[in-house]
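J.: got a structure for you, letters missing:
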């Protein structure tokens, strides 16, 4: 799903920003994926240095949703790499926002989905299956609930309690 640029969404929805219905994630994320923008309903995970739950979630039908993962901002290993990006693309996910690291950058660029993370790291994550899904998560200081909406592009990442696919946006 393609939405209006995040700058236009912010301009069109200033009252939602003021009320906290629409939030902007801090500018600590960068896009490592092949898609320049993404929009979709949010699925949440919380897992620290363990990507088994990330994989099992991405193996389900994405239906244009965005997987947001609170990895605690860890910079000691990568939770998403080329294999998971290929799975996400094949299963129809719009993208991933990871408060943690990615790897296999050349493969991520080939994937036609947005993959925002804080950095790249060559070490792989553990695969113990630890973590939680469908809970409120902390994305670099911004609370995100499952079922909210994510909009991301080169200017930043927005999270909204409601869809912005109407006035002030073009899809």
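T.: That came through, no problem. Quantities reported herein were computed from a predicted structural model and do not represent experimental measurements.

J.: Buried residues, stretch 97-117. List them.
T.: Residues of stretch 97-117 classed as buried by neighbour count (16 or more other C-beta atoms under 10 Å): 97-105, 107-108, 111, 113-117. Using the backbone N, CA and C atoms, a C-beta is placed for each residue, glycine as well.

J.: so when I look at residue 17, I'm seeing a helix, right?
T.: Yes - read with DSSP: H, G, I helix; E, B strand; the rest coil, residue 17 is one of the residues of a helix.

J.: Isn't it up against residue 24?
T.: Yes - between residue 17 and residue 24 there is a contact at 7.4 Å, judged by C-beta atoms under 8 Å.

J.: tell me, what's touching those two both at once?
T.: A shared contact of residue 17 and residue 24, defined by C-beta atoms under 8 Å, 6 or more residues apart in numbering, is any residue touching both; here these are residue 10.

J.: Which elements pack onto the longest strand along the chain?
T.: Counting by DSSP state E, the longest strand found in the chain is strand 38-46. In terms of contacts (3 or more C-beta pairs under 8 Å, 6 or more residues apart in numbering; DSSP states H and E), strand 38-46 is packed against helix 52-58, strand 66-70, strand 132-133, strand 137-139, strand 149-153.

J.: That one - which strands sit beside it in the sheet, and in what orientation?
T.: The strands beside strand 38-46 in its sheet (DSSP bridges) come out as strand 66-70 (parallel), strand 132-133 (antiparallel), strand 149-153 (antiparallel).

J.: now those as CSV including distance to residue 88, mean neighbour count and mean pLDDT?
T.: Conversion of those to CSV gives the following (distance: least, C-beta to C-beta, whole Å; neighbours: other C-beta atoms under 10 Å; pLDDT from 0 to 100):
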stretch, distance to residue 88, mean neighbour count, mean pLDDT
strand 66-70, 7, 26, 98
strand 132-133, 15, 15, 98
strand 149-153, 14, 26, 98
